[in-house]
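1. one predicted model, sequence on top.
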Amino acid sequence: MKALRYSDWSLFGWHGLTVEVPLEWNPGKITGDFKAGSVRLDDPTLARMEIEWKDARGDQRVAPIVDRFVDGLFQSARKEKKKLDVERTPDAGWLDLPDAGTPVVFTWQAEYRIHALTFYSMLSDRLFLIKIRTKLDEDAGRNIRRILNSVRDTAPDGDRTWALYDLVCSSPPEFSLESYDLKSGHLRLCFQQGQNILQFDRLSLAEVLLKKRTLLDWYQEFFRKNLRQVNLDARETNVGDHFGLSLHGRPKSRWRGLLMPLPFWNVRPRLNMEARVWTCRQVNKIYAVHTYYKRRKDVPDIENARRAVICHRESVPPG
Amino acid sequence: MSLFSSKRQPKISREAMFNSKPTRNDRLEWKTNKDDEVTITLKRADTTKVKILSKIFWVPEKRTLVLDEIGSQVWKMCNGRTSVASMIKQLCETHKLNAKEAEISLLTYLRTLGRKNLLGFLVEKGDLKKRKRSASGKAWG
């Protein structure tokens, strides 16, 4: 048995659930929304972790779910004529999840060893199933405990932390995740409440992107679609510890809008825009936070939204 | 059987893909320009079919392909000795990329170059075997 060791760890957060995972485990598949969904985290060789959640509608019973799940496992093993060992409720005194009701830990072993945790979250009234996969010759006991003990959920009225691929940010409870774009090199999380929008962007390879142009030139080129509707006022400034831009956009006049080709086609609401854009040299990335609003009080303060973004590791608060 | 049957590519596991070593097509001429970007010269094939077609449609005798900074870096690493896994590691270190991000971009890029016959992959014979599946179940219906 070889001990599975990870030196770097990072936070993964999606739809209110956060968990500490090795840095090399990254999302391979994401589906669903706050009420029901799943996430799979892969390392370079294996799908390591799967998190599934479902709205419990007040039903806190976890045991029937585990029963059904184990039955399914045996059925599947019988079909494939494979041997399967399931160890139910092993000693899980080490588990310390303050907001979890009736947690059940179980493991099974076929070609891989799977460590699973099922629990009911009293904060969000959801049921969670977390599975971690290890190879048979790997000893991952300490890692499993660290991962499962770091699982935290968020109440529906609390700020939600979103963390993936080196992007950590948070959204107010009244804003729901409207769309996300997880392209290699460009991540975008867009939250919406009515017409108001809060948007986070993270771009890799900042040095390459800014090799032959300034940050402002790059910004105007990259976000040109969003800037079509506003008169932009930009100034260079320090954003936190980094060099960046402070931007404000006022909607163009209605008359000007009418002069645009096909003015009645795809009519967009006239919204104000506030943004902070900065380059983080420590991680070679560009970060951008945008808010679009009718009235300023309807969106979170841009400075607070910007402060919630953790761009490099020194910014992580201790503990 | 399809009308335009093509040569089937062997399917390899993810692990084998990471262990494979991309290698440049020896027949290609390439050099680096003053900006340290790789310029590949693609010559028109010298076959009868192409000769006839080039009489009807204009096909240039040579085309040049200029790779960008990162493309050039990847191209130089495709020497038949560097594995895909170590290429990912190198890209992550040089450009401070997340491993998954580097992996997706690199594999897409290598696939594109492979489809254009600009490079091939050296795979260990033992890596060309069937993939296995593990038992799984459903938590809720």
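-> Yep, it's here. Owing to the predicted nature of the structure, the values given are computational and were not obtained by experimental measurement. Residues are numbered from 1 along each chain as shown, chains lettered A, B, ... in the order given.

2. immediately after the lowest-mean-pLDDT helix or strand in chain A, which helix or strand?
-> Sorting the helices and strands of chain A by mean pLDDT, DSSP states H and E puts helix A:254-259 at the bottom, at a mean of 72. Downstream of helix A:254-259, the first helix or strand assigned by DSSP states H and E is strand A:272-280.

3. which elements pack onto that next one?
-> On a contact count with 3 or more Cβ pairs under 8 Å, 6 or more residues apart in numbering or on different chains; DSSP states H and E, strand A:272-280 meets helix A:215-222, strand A:230-239, strand A:242-251, strand A:285-293, helix A:302-307. C-beta here means a position set from N, CA and C on the backbone, and glycine is covered the same way.

4. by how many degrees do it and helix A:215-222 diverge?
-> Orientation of strand A:272-280 against helix A:215-222 (axes from the mean of the first three to the mean of the last three Cα atoms, to 10 degrees) gives an angle of 120 degrees.

5. so what strands line up beside strand A:272-280?
-> strand A:242-251 (antiparallel), strand A:285-293 (antiparallel) (DSSP bridges).

6. so which residues make contact with the first one?
-> For strand A:242-251, contacts defined as Cβ atoms under 8 Å, 6 or more residues apart in numbering or on different chains pick out A:215-216, A:219, A:227, A:229-239, A:270-281, A:311.

7. list only buried entries from those.
-> Restricting the contacts of strand A:242-251 to buried positions leaves A:215, A:219, A:227, A:229-230, A:232, A:234, A:239, A:271-280, A:311, with burial counted as 16 or more other Cβ atoms under 10 Å in any protein chain shown.

8. any chance of the strands paired with strand A:272-280 in JSON lines with mean pLDDT and mean neighbour count as columns?
-> Shown next, in JSON lines, are those (pLDDT from 0 to 100; neighbours: other Cβ atoms under 10 Å in any protein chain shown):
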{"stretch": "strand A:242-251", "mean pLDDT": "94", "mean neighbour count": "18"}
{"stretch": "strand A:285-293", "mean pLDDT": "95", "mean neighbour count": "24"}
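
9. and residue 25, how many neighbours does it have?
-> Answering for chain A, as no chain was given. Using other Cβ atoms under 10 Å in any protein chain shown, residue A:25 has 25 neighbouring residues.

10. was after chain B, sorry
-> Residue crowding around residue B:25 was assessed by other Cβ under 10 Å; the count is 16.

11. tell me who's in contact with the nearest residue to it once chain neighbours are set aside.
-> Among residues not flanking residue B:25 along the chain, residue B:118 sits closest, at 5.6 Å (Cβ to Cβ, 6 or more residues apart in numbering or on different chains). Shown in contact with residue B:118 (Cβ under 8 Å, 6+ apart): B:24-25, B:28, B:40, B:65.

12. in helices only, show me the residues you listed.
-> Judged by DSSP state H, the subset of these located in helices is empty.

13. give the bridge partners for the closest residue to residue A:311 other than its chain neighbours, please.
-> The spatially closest residue to residue A:311, leaving aside those adjacent along the chain, is residue A:280, at 4.1 Å (Cβ to Cβ, 6+ apart). Taking DSSP bridges, one obtains residue A:285 as the residues bridged to residue A:280.

14. helix or strand for the residue in chain A positioned nearest to chain B, which one?
-> Chain B sits closest to residue A:72 of chain A, with a gap of 3.2 Å, by Cβ to the nearest Cβ. Taking DSSP H and E as the definition, one finds residue A:72 inside helix A:63-79.

15. what residues does the stretch 1-150 of chain A have near chain B?
-> Proximity of the stretch 1-150 of chain A to chain B is confined to A:23-24, A:26-28, A:42, A:44-45, A:52, A:54, A:65, A:68-73, A:75-77, A:80, A:82, A:84, A:108, A:110-112, A:118, A:127, A:129, A:133 under the rule Cβ under 8 Å from any Cβ of the partner chain.

16. any idea which helix or strand carries residue A:208?
-> Per DSSP H and E: helix A:206-209 holds residue A:208.

17. output the below-cut-off pLDDT ranges for the chain.
-> Since you didn't name a chain, this refers to chain A. A:89-91, A:257, A:261-267, A:313-319 (pLDDT under 70).

18. the intended chain is chain B.
-> B:1-10, B:129-141.

19. name the nearest residue to the residue nearest in space to the middle of it, sequence neighbours excluded.
-> With distances taken as Cα atoms, centre = their mean, residue B:110 lies nearest the centre of chain B, 2.8 Å away. The spatial neighbour of residue B:110 that comes closest, neighbours along the chain excluded (Cβ to Cβ, 6+ apart), is residue B:22 at 5.7 Å.

20. now the one you found: how far from residue B:31?
-> Residue B:22 is 19 Å from residue B:31, where distance means Cβ to Cβ, to the nearest Å.

21. okay, these two: which has more neighbours?
-> residue B:22 (23 against 9).

22. partner residues bridging the closest residue to residue A:230 other than its chain neighbours?
-> Leaving out its chain neighbours, the residue that sits closest to residue A:230 by Cβ to Cβ, 6+ apart is residue A:249, at 3.1 Å. For residue A:249, the beta-bridge partners are residue A:232, residue A:273 (DSSP bridges).

23. so residue B:46, which state does it fall into?
-> Secondary structure, DSSP: H, G, I helix; E, B strand; the rest coil: residue B:46 is coil.

24. how about the helices and strands packed on strand A:272-280, which one is nearest residue A:94?
-> Among the helices and strands packed on strand A:272-280, helix A:302-307 comes nearest to residue A:94, with 35.0 Å by Cβ to Cβ.

25. buried set for the closest one?
-> By neighbour count with 16+ other Cβ under 10 Å, helix A:302-307 contains the buried residues A:302, A:305-307.

26. about what we covered before: can you redo the helices and strands packed on strand A:272-280 as a markdown table with distance to residue A:169?
-> Shown next, in a markdown table, are the helices and strands packed on strand A:272-280 (distance: least, Cβ to Cβ, whole Å):
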| stretch | distance to residue A:169 |
| --- | --- |
| helix A:215-222 | 19 |
| strand A:230-239 | 14 |
| strand A:242-251 | 15 |
| strand A:285-293 | 8 |
| helix A:302-307 | 8 |
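
27. and the furthest pair within the buried residues of helix A:302-307?
-> Distance extremes for the buried residues of helix A:302-307: the farthest pair is A:302 and A:307 at 9.6 Å, using Cβ to Cβ.

28. packing partners of the least confident helix or strand of chain A?
-> Using 3+ Cβ pairs under 8 Å, 6+ apart, no helix or strand is in contact with helix A:254-259.

29. circling back: the helices and strands packed on strand A:272-280: which one's closest to residue A:204?
-> Comparing the helices and strands packed on strand A:272-280 against residue A:204 with Cβ to Cβ, the closest turns out to be strand A:285-293 (5.7 Å).

30. now the closest one and strand A:230-239, what's the angle there?
-> Using the same axes, to 10 degrees: strand A:285-293 against strand A:230-239 is 130 degrees.

31. what does strand A:285-293 rub up against?
-> A:166-167, A:169, A:195-204, A:206, A:209-210, A:215, A:218-219, A:223, A:226, A:271-280, A:299-300, A:302, A:305-306, A:309, A:311, B:96.
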